[in-house]
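# 3D model of this:
(chains A and B)
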Amino acid sequence: MSAPREAAVDPRLIQDAPGMLGAWKGFRRRVSQGELGSLPVIIGLSLIWLTFYLANERFLSAVNLTNLMLQIAAMGTISAGIVLVLLLGEIDLSAGAVSGLSAAVMAILNVKHQWAPVPSLLAGLATGAAIGLFHGLWITRFRVPSFVVTLAGLLGWQGALLFVLGNTGTVNLNDPIITGLTGTFFEPAVAWPIAILIIIVYVGTVLMERWRRAEAGLPQTHLRSTVARMVVISGAVVAAVAVFTQDRGLPLAAIIFAGLVVGLELLIKRTRFGRHVFAVGGSAEAARRSGIRVETIRVAIFTLASTLAAAGGILAGSRLLAVNQSSGSGDVLLNAIAAAVIGGTSLFGGRGSAWSAILGALVIGSISNGMDLLALSSSVKFMVTGAVLLVAASIDALSRRGRQAAGRA
Amino acid sequence: MSATTLLELRGISKRFGAVQALTAVDFEVHPGEVVALVGDNGAGKSTLIKIISGIIPIDEGQVLFEGRPVSLNGPQASSSLGIATVYQDLALCDNLDVVGNLFLGRELRSGGVGKLTGWLDETLMEQQASALLQRLSVSIPSVRTQVASLSGGQRQSIAVARAMMGSPKMVLLDEPTAALGVAQTRQVLDLIRRLREQGLGVVVISHNLLDVFSVADRIIVLRLGKRVATFDVKTAKEVEVVSAITGAKKSEVVETLKPEVV
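Take a look at the predicted model:
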């Protein structure tokens, strides 16, 4: 069985030589050819954390890291929706306005109309879904570029937010379930079992997959790199929980955000739907000829993205304990787009992962949080965030050029 | 006659704005036959292929598949009849790996809950992809390589292999050898002969008459959107085919062909 498989390997193919040196050389080659993955953003994030830690030790304290997590949960959730839209090579400029409007709908229903919290939350999410459906249908039926449709949405839904709030201006949230979304913390006795469960499920899944591939006689990745991945990811989970439990505990918002991102990653990488999303982003024409309903995919993604924007808006309202006229405005949208791009999702479509929402939101959140700690003015904050975005987008463009030069575009 | 015909087109016309791309074209393919579709640039070959594969709708005319009237109103309709197409521009997704491209639009789902959620059965897909590529003796680094990093010939092979995925009854190939070297051209032509042996109807568009004569059973010539001639390869002469393609008199063709052919 092994002889014919070896025959199928093209001799011109560059194979990684065995041993540590070969692995290192293969890694160097992939980097120079533009296959960077999450590496630049992880290095960048480490540098940012180191810088702020040296400037102010409190930056890496348990209290501050927990605050950071709460700060980025809302932006990161909106950003996860942006990632989906970017995978298609489209853009959604309305995410901020939609997040504000959806949160306002939830708040008004809950506070003014005395709806129960869960129906209010669902109504908020449904508002986002309906808006996304509308955007998607408009973009696909009338062939108006998503840039224009969602730009109109940015203006229109902002107006709708003011209309929904009426002359109240601000609606204060006091329902324990709604405020509990970001105000709940799990004590160590609950947090650690959750962490252990996550690690068991993760390691179990990876081992199951290796076993299935071995069963089917398929080539395996090196056991060494699989183990390295498992150690790094399990280590990150343990470290995060250790930090959180030193402060108030494991935040529910962190579980919601991470759960959404993991769920989305599985959706786009492991399901038929996700495969079709990548296909449409890579080559819409090729996807269409394969019988994929390209328009349906587009509509579904815009619906999903706006629903995530609504979820982000609800988390933001829950943390602020209020929804007001400026909810979802200002830098909310731009930060969400910047986070997706900084995290490594390509603006050109067809390349990216849900993880970039977490990584990018961490970068932007860390800069903002760190500068607040150093009591720098928001002028500096905006300029630094802008510079980081420019660098990240340039890395994307350069690595794309590297891929083209290596014939991998 | 029509009982043994796999696909029959009657009086197909297609207009793009001011351009009459096809005028009342008849076309037929039998099982186990390789039909070469030849013609100059703009003769309507690619339009005809796109009509058969359901990419563009017809303005006028009738389509019969295995004797039954059918409508080719989309790629799905065409592929569910058992018509597979390999496009000139290959229509591969560069950002997906070989397995992803081979199974694009017909991904395998894992059983149980996976069926409902559309969970991909990557292991089974990878197994089947490797088996198929081995059967067609396509040599690529690994089925998990991104298609973007493959050579032109390898990409063509992947495109042909993809056409074979759904066990089709008929395969359309648009310029399959245009970008290939000698060895890989021979491989693709061998592959076409293998398809014929398995009883498939094969339609090949080609500019290369050498390839056409070596692989085809019948040659259909289009010129300016009309079917102008049909040749049996056993009796046809290259001069006659060229004169049908260009519309020049046979004597003129002989003049121009002489230095190249001899």
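# pLDDT weak spots in chain A?
When residues are selected by pLDDT under 70, those of chain A lie in A:1-23, A:26-37, A:403-409.
# helix or strand for the residue most central in space within it, which one?
Compute the mean C-alpha point of chain A, and by CA atoms, centre = their mean the closest residue is residue A:357, 2.1 Å away. Residue A:357 is part of helix A:355-373 when elements are defined by DSSP states H and E.
# please apply the same query to residue A:126.
Secondary-structure element containing residue A:126, defined by DSSP H and E: helix A:117-141.
# output the contacting helices and strands for that helix.
helix A:95-107, helix A:146-165, helix A:176-183, helix A:294-320 (3 or more CB pairs under 8 Å, 6 or more residues apart in numbering or on different chains; DSSP states H and E). To be clear about C-beta, it is placed using only N, CA and C from the backbone, and glycine gets the same treatment.
# parallel or antiparallel, list what pairs with whichever helix or strand comes after the longest one.
From helix A:294-320 onward toward the C-terminus, using DSSP H and E, the following helix or strand is strand A:322-324. Sheet pairing for strand A:322-324, assigned by DSSP bridges, gives strand A:170-172 (antiparallel).
# who's residue 171 bridged to?
I went with chain A, as the question did not name one. Under the criterion used (DSSP bridges), residue A:171 bridges to residue A:323.
# that's the wrong chain, I meant chain B
Going by DSSP bridges, residue B:171 forms beta bridges with residue B:84, residue B:202.
# so who does it touch?
Going by CB atoms under 8 Å, 6 or more residues apart in numbering or on different chains, residue B:171 touches B:83-86, B:163-164, B:195, B:200-203.
# does the closest residue to residue A:147 other than its chain neighbours count as helix, strand or coil?
Counting by CB to CB, 6 or more residues apart in numbering or on different chains, the nearest residue to residue A:147 once its immediate chain neighbours are dropped is residue A:91, at 5.5 Å. Assigned state for residue A:91: coil (three-state reduction, DSSP: H, G, I helix; E, B strand; the rest coil).
# please name every helix or strand in contact with whatever helix or strand residue A:399 lives in.
Secondary structure assigned from DSSP H and E places residue A:399 in helix A:378-405. Using 3+ CB pairs under 8 Å, 6+ apart as the contact criterion, the elements in contact with helix A:378-405 are helix A:39-55, helix A:332-342, helix A:355-373.
# up against chain A, what does the stretch 151-262 of chain B have?
Those residues of the stretch 151-262 of chain B that sit near chain A, judged by CB under 8 Å from any CB of the partner chain, are residue B:154.
# low-confidence stretches in the stretch 151-262 of chain B?
B:250-262.
# where do the helices of it begin and end?
If you assign secondary structure with DSSP state H, counting those that start in this stretch, the helices in the stretch 151-262 of chain B sit at B:152-164, B:182-197, B:209-215, B:238-246, B:250-261.
# just list what the shortest one packs against, helices and strands only.
I take that to be helix B:209-215. The criterion is 3+ CB pairs under 8 Å, 6+ apart, and the helices and strands that helix B:209-215 contacts are strand B:34-38, helix B:182-197, strand B:201-205, helix B:238-246.
# redo that, cut-off 10 Å
Under the contact criterion of 3 or more CB pairs under 10 Å, 6 or more residues apart in numbering or on different chains; DSSP states H and E, the helices and strands touching helix B:209-215 comprise strand B:34-38, helix B:182-197, strand B:201-205, strand B:218-223, helix B:238-246.
# pull that helix out as CSV, backbone CA atoms only.
C-alpha atoms of helix B:209-215 as CSV (Å, rounded to 0.1, in the frame of the first residue of the first chain):
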residue,chain,number,x,y,z
LEU,B,209,-5.5,19.4,-35.3
LEU,B,210,-2.7,16.9,-34.5
ASP,B,211,-4.4,16.2,-31.1
VAL,B,212,-7.8,16.2,-32.8
PHE,B,213,-6.8,13.6,-35.4
SER,B,214,-5.1,11.4,-32.8
VAL,B,215,-8.0,11.2,-30.4
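# other residues contacting that helix?
Under the criterion CB atoms under 10 Å, 6 or more residues apart in numbering or on different chains, residues B:34, B:36-38, B:175-178, B:180, B:185-186, B:188-193, B:196, B:202, B:204-206, B:208, B:216, B:219, B:231, B:233, B:236-238, B:241-242, B:245, B:261 lie in contact with helix B:209-215.
# among the residues you listed, name the buried ones.
Among those, those buried by neighbour count (16 or more other CB atoms under 10 Å in any protein chain shown) are B:34, B:36-38, B:175-177, B:180, B:185, B:188-189, B:191-192, B:196, B:202, B:204-206, B:216, B:219, B:231, B:233, B:236, B:241-242, B:245.
# picking up where we left off before, columns distance to residue A:238 on top of the helices and strands packed on helix A:378-405, output as a markdown table?
As requested, these are exported to a markdown table (distance: least, CB to CB, whole Å):
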| stretch | distance to residue A:238 |
| --- | --- |
| helix A:39-55 | 18 |
| helix A:332-342 | 25 |
| helix A:355-373 | 17 |
